[in-house]
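Q: Need a 3D model of the sequence below.
(chains A, B and C)
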Amino acid sequence: MTATAVRTDVYAQVQHFYAHQMQALDGGRFADYAATFTEDGTFQHSPSAAPAVGRAGIVAELVEFNKRFDGDPVQRRHWFNHIALEPQADGSLRSTVYALVVTVRPGGKPEIAPSCVVHDVLVVTDEGVRTRSRLVTHDQLA
Amino acid sequence: MTATAVRTDVYAQVQHFYAHQMQALDGGRFADYAATFTEDGTFQHSPSAAPAVGRAGIVAELVEFNKRFDGDPVQRRHWFNHIALEPQADGSLRSTVYALVVTVRPGGKPEIAPSCVVHDVLVVTDEGVRTRSRLVTHDQLA
Amino acid sequence: MTATAVRTDVYAQVQHFYAHQMQALDGGRFADYAATFTEDGTFQHSPSAAPAVGRAGIVAELVEFNKRFDGDPVQRRHWFNHIALEPQADGSLRSTVYALVVTVRPGGKPEIAPSCVVHDVLVVTDEGVRTRSRLVTHDQLA
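A: Numbering: from 1, shown residues only, chains lettered A, B, ... in the order given. This next block holds a predicted model:
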């Protein structure tokens, strides 16, 4: 248990960071989402995918990924739970978070899948929290 | 990203406020729920509904809404995620929150629908957080 | 509303405690999970079950319970929401939390059931938060 090794204000800051970060993603504001990463941040949405590198690379990856929803009036929402932080020797934070994707179409009911785990490395700077790297694993592929 | 513009203790306070507020609603303690609003608070559970105004008005609205469950041993639970706060010029906080409604009946499995977004304006007073206005939008109506 | 009676740093500490505690449980690290209880802690996973007492007792209970998953490549994840704390006269905290169990098997979609409420008594020590007692109620049994 390393919960006590992280300051409670940093914990709240990370929670709030994720709220804005994921609302940006789900709102299709890809540049805002990419700006939540460090300049050289990496984003790997599944272990088999090549990581997108840098903010421009992350935006390009999201544009490409979301082409599958062209003309599809879908609303996706990424839910997070149990943000567990562990301080690293270099001052960064390892963050392990449960995630579920909620998908809704007009007139339909939410589909809740897949169940994932988000593996982040976060850095806390004067400007706030930034994601240095993100790898998403999928429970159904385990 | 405005996450850094909100104090972390206020963020934790809002989270805890929502926990008590929504457990009051799901527990059928409508007066307790209404008391989490400001005296002149408004509550609009969908964009097409007229807003309930004031604590008595909110209780009346909830009593009316819940008549559909008379004699139905249903347990509903409102889940919240990704509380994103933005400070307003007047000192209030705009709060945008994901919501899912979990519905369970005896012997049954939970149904999880609809997926919503809660749009609140919150005020933080010496007595704690209060909701000044709440509008709930529904993803399947988008 | 007793939200204001709990310090915001304690609230964040409890949230983070639960994140590590439940990731230990879902990761099959039963000794780590048991270590999040006080020495004499009790764990009752449904009202009809006898409570497991003490850390060794909790580990034994979990080993027994999880025999049903022997040879079953299942991943279970316990989601928590709306952690509502109430200070008790003895300095402990009563904690009432919504819970959903997410179950995934290889190639499958998550099943999300049952919907529960976790009723904890927590103590905050210099070493961090510990669960003194846990009773889980199930909505479908109400």
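Q: In chain A, where's the longest strand?
A: strand A:111-125 (DSSP state E).
Q: Send me that strand as PDB with only the CA atoms.
A: Extracted in PDB, the C-alpha atoms of strand A:111-125 (Å, rounded to 0.1, in the frame of the first residue of the first chain):
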ATOM      1  CA  GLU A 111     -23.500  -0.400 -24.200                       C
ATOM      2  CA  ILE A 112     -20.800  -0.700 -21.600                       C
ATOM      3  CA  ALA A 113     -17.700  -2.300 -23.100                       C
ATOM      4  CA  PRO A 114     -14.800  -2.900 -23.100                       C
ATOM      5  CA  SER A 115     -13.400  -3.100 -19.600                       C
ATOM      6  CA  CYS A 116      -9.900  -1.700 -19.600                       C
ATOM      7  CA  VAL A 117      -7.000  -0.700 -17.400                       C
ATOM      8  CA  VAL A 118      -5.200   2.600 -18.000                       C
ATOM      9  CA  HIS A 119      -1.500   2.500 -17.200                       C
ATOM     10  CA  ASP A 120      -0.200   6.100 -17.100                       C
ATOM     11  CA  VAL A 121       2.900   7.800 -16.000                       C
ATOM     12  CA  LEU A 122       2.000  11.300 -14.800                       C
ATOM     13  CA  VAL A 123       4.100  14.300 -14.100                       C
ATOM     14  CA  VAL A 124       3.000  17.200 -11.900                       C
ATOM     15  CA  THR A 125       4.400  20.500 -13.000                       C
END
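Q: Return the distance of it from the chain's centre.
A: 5 Å (C-alpha atoms, centre = their mean, to the nearest Å).
Q: quick one: strands adjacent to that strand?
A: strand A:93-104 (antiparallel), strand A:128-138 (antiparallel) (DSSP bridges).
Q: how about that strand: buried residues?
A: Going by neighbour count (16 or more other C-beta atoms under 10 Å in any protein chain shown), the buried part of strand A:111-125 is A:111-124. Placement of C-beta: from N, CA and C, glycine included.
Q: what does stretch A:12-28 give?
A: In stretch A:12-28, counting by 16+ other C-beta under 10 Å, buried: A:12-26.
Q: Would you state the helices of chain A in chain order?
A: A:8-26, A:30-34, A:54-66 (DSSP state H).
Q: Adding mean pLDDT and distance to chain B, write those out as JSON lines.
A: Output for the helices of chain A, formatted as JSON lines (pLDDT from 0 to 100; distance: least, C-beta to the nearest C-beta, whole Å):
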{"stretch": "helix A:8-26", "mean pLDDT": "98", "distance to chain B": "4"}
{"stretch": "helix A:30-34", "mean pLDDT": "98", "distance to chain B": "7"}
{"stretch": "helix A:54-66", "mean pLDDT": "97", "distance to chain B": "13"}
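Q: Can you say which of those is nearest to chain C?
A: helix A:8-26 (3.9 Å; C-beta to the nearest C-beta).
Q: Who are the packing partners of that closest one?
A: helix A:30-34, strand A:75-87, strand A:93-104, strand A:111-125, strand A:128-138, helix B:8-26, strand B:75-87, helix C:8-26 (3 or more C-beta pairs under 8 Å, 6 or more residues apart in numbering or on different chains; DSSP states H and E).
Q: Distance from the chain centre to it, please.
A: 10 Å.
Q: Residue A:105: how many residues sit nearby?
A: Using other C-beta atoms under 10 Å in any protein chain shown, residue A:105 is surrounded by 15 other residues.
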